[in-house]
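In: Quick one, structure for this:
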Amino acid sequence: MSARKWRAATLLTGLVAAAATVAVPPAQAHQPDRGHGHDHGSQVRTVGYFIQWGIYARDYHAANLVTSGTAARLTHLNYAFGSLDEQGNCVSADAWADFQRPVPAEQSVDGVADVAGQPVSGNLNQLRKLKVKYPNLKVHISLGGWSGSKYFSNAALTPQSRANHVKSCLDGWLKGTIAGTDANGKGLAAGIIDGVDLDWEWPASTAGAPGNVVRPEDKVNFTALVKEYRTQLDKFPGRHKPELTAYLPANSREIDKGFEVSKVFKYLDFGTVQGYDLHGAWDLETNQQSALRTPKGDPTPAPGYSTEVTIDSYLSRGAPRNKLVLGVPFFGRGWTGVTNANRGLFQKATAAAPGKWEAGGEDYKELKAKVGKDGFKIYRDDRAGFSWIFNGTTFWTYDDPTEMRRKARYIKDRCLGGAMIWSLDADTADGELIKSLHRELTSR
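Out: Predicted coordinates:
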């Protein structure tokens with residue numbers, strides 16, 4: 001991802017805590033759901049992040065969700081990100097992108113350009129059009145992210161700050177006042193956003209972005225914050241109550257520092273669980289970034305990092321499995337200066353591999369184009385469930401259609417709540433990854 005969220009891993013600090021992860025007992029495998037009544041039971045969700053800043057250098061627009069076939073395969077679209085000011089109130093991180101930018105016809109969902117003086121333009125108007133075209137699609141505002149979590153601790157600190165924060169977010173994003181109000185005081189962007197996704201990275205942890213406000217009481221305050229959200233959302237006007245979700249870390253150390261798992265899930269409709277950035281160029285040697293199971297020969301202390309370790313961590317802490325939505329990456333992680341042995345896996349490296357948007361990170365569509373060129377060959381570990389490419393000096397690990405299908409089968413086999421994608425702009429123009437993921441998720 002760009003400078004907003006690929007950095008969300010912070011997994012390198014939790015090796016000792018990860019080793020203490022408790023395996024879920026067989027008797028827990030098919031427990032009935034516990035928690036809030038808004039949960040949708042056995043529904044398999046497909047949640048995709050649409051990044052606000054993608055309209056700039058990436059040239060990725062809401063219209064691309066249509067032409068790629070992506071929107072038709074989503075149950076939820078998370079619009080990333082909304083921001084918080086120092087007092088914890090919700091504000092726009094980029095008003096031009098959110099609701100001011102006039103979108104030309106060629107970038108518009110319905111082929112109609114914005115006109116001067118219309119109440120709402122930009123991404124929000126395109127999301128409104130997207131919902132008209134796909135009426136079953138739910139759009140959530142994702143709050144925070146890696147570079148936007150600085151003041152979450154302030155928002156969650158006291159009963160009054162929590163109430164003020166939640167009201168500001170529901171007024172701004174769900175009632176639509178973020179883009180201003182009309183003569184009657186009604187929000188100009190009302191009816192576009194259907195729910196809230198909390199992306200606080202991470203409560204009570206210094207492993208987040210530098211400068212984040214961190215307090216020891218963040219853990220209990222996060223629970224109180226989601227409870228306040230649920231209280232106000234349940235009173236929200238309208239026939240359909242808005243949903244509440246949260247983005248949650250893979251590292252058991254960050255889980256235990258910042259989240260009262262069984263309590264939090266009582267208030268969430270579902271949680272999206274980080275299933276990527278398990279390793280990256282912050283490590284001194286190559287490894288997988290999103291394997292289903294810890295690979296044989298992995299030098300990471302047992303049990304290592306993997307989807308299975310993460311999911312079992314949440315289940316053992318009381319999360320209902322049908323509220324666990326597994327995050328899958330549409331990007332890869334890479335190293336260069338890699339020792340030419342073992343097809344590049346578990347080898348020393350000298351630096352992050354050069355990437356189009358950041359060192360050590362690359363979109364799937366860019367990595368796909370490398371296969372068969374400049375000496376790159378593709379390799380797989382079918383037992384652990386991951387793939388990589390290597391050309392003798394540069395190593396990239398990422399999920400291709402084969403691995404997406406494998407992830408989807410895992411989600412179904414474990415009776416999980418679905419898949420979450422970071423981020424949709426990294427797929428091919430014809431939606432190669434989401435088509436593979438969706439086809440397997442919805443097959444019988």
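In: what about the helices in the stretch 301-444 of the chain?
Out: Defined through DSSP state H, counting those that start in this stretch, the helices belonging to the stretch 301-444 of the chain, from first to last, are 307-316, 364-370, 401-413, 432-442.
In: so can I have CSV of those helices showing distance to Gly344 and mean pLDDT?
Out: C-beta here means a position set from N, CA and C on the backbone, and glycine is covered the same way. As requested, those are arranged in CSV below (distance: least, Cβ to Cβ, whole Å; pLDDT from 0 to 100):
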stretch, distance to Gly344, mean pLDDT
helix 307-316, 22, 98
helix 364-370, 13, 98
helix 401-413, 17, 98
helix 432-442, 23, 98
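In: Quickly compare the ones you listed and say which is most buried.
Out: Comparing these on average neighbours per residue, with mean count of other Cβ atoms under 10 Å, the densest one is helix 307-316 at a mean of 23.
In: And that one, what does it pack against?
Out: For helix 307-316, the packing partners by 3 or more Cβ pairs under 8 Å, 6 or more residues apart in numbering; DSSP states H and E come out as helix 252-258, strand 270-273, strand 324-329.
In: Point out the most buried one among these.
Out: For those, the stretch with the most neighbours on average is strand 270-273, a mean of 27; neighbours defined as mean count of other Cβ under 10 Å.
In: Return the set of buried residues in stretch 379-396.
Out: Judged by neighbour count (16 or more other Cβ atoms under 10 Å), stretch 379-396 contains these buried residues: 381, 384-391, 393-396.
In: Just send these back as JSON lines, with pLDDT and distance to Lys241 too.
Out: Output for the buried residues of stretch 379-396, formatted as JSON lines (pLDDT from 0 to 100; distance: Cβ to Cβ, whole Å):
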{"residue": "Asp381", "pLDDT": "98", "distance to Lys241": "43"}
{"residue": "Ala384", "pLDDT": "98", "distance to Lys241": "41"}
{"residue": "Gly385", "pLDDT": "98", "distance to Lys241": "37"}
{"residue": "Phe386", "pLDDT": "98", "distance to Lys241": "39"}
{"residue": "Ser387", "pLDDT": "98", "distance to Lys241": "41"}
{"residue": "Trp388", "pLDDT": "99", "distance to Lys241": "44"}
{"residue": "Ile389", "pLDDT": "99", "distance to Lys241": "45"}
{"residue": "Phe390", "pLDDT": "99", "distance to Lys241": "49"}
{"residue": "Asn391", "pLDDT": "98", "distance to Lys241": "52"}
{"residue": "Thr393", "pLDDT": "98", "distance to Lys241": "54"}
{"residue": "Thr394", "pLDDT": "99", "distance to Lys241": "49"}
{"residue": "Phe395", "pLDDT": "99", "distance to Lys241": "47"}
{"residue": "Trp396", "pLDDT": "99", "distance to Lys241": "43"}
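In: Most widely separated two among these?
Out: Among the buried residues of stretch 379-396, the pair separated by the greatest distance (Cβ to Cβ) is Gly385 and Thr393, at 25.5 Å.
In: Surely Asp218 touches Asn154?
Out: No - the pair Asp218 and Asn154 fails to qualify as a contact (Cβ atoms under 8 Å) at a distance of 10.4 Å.
In: the more surrounded of these two?
Out: Legend: neighbour count by other Cβ atoms under 10 Å for Asp218 and Asn154, higher for Asp218 (24 against 18).
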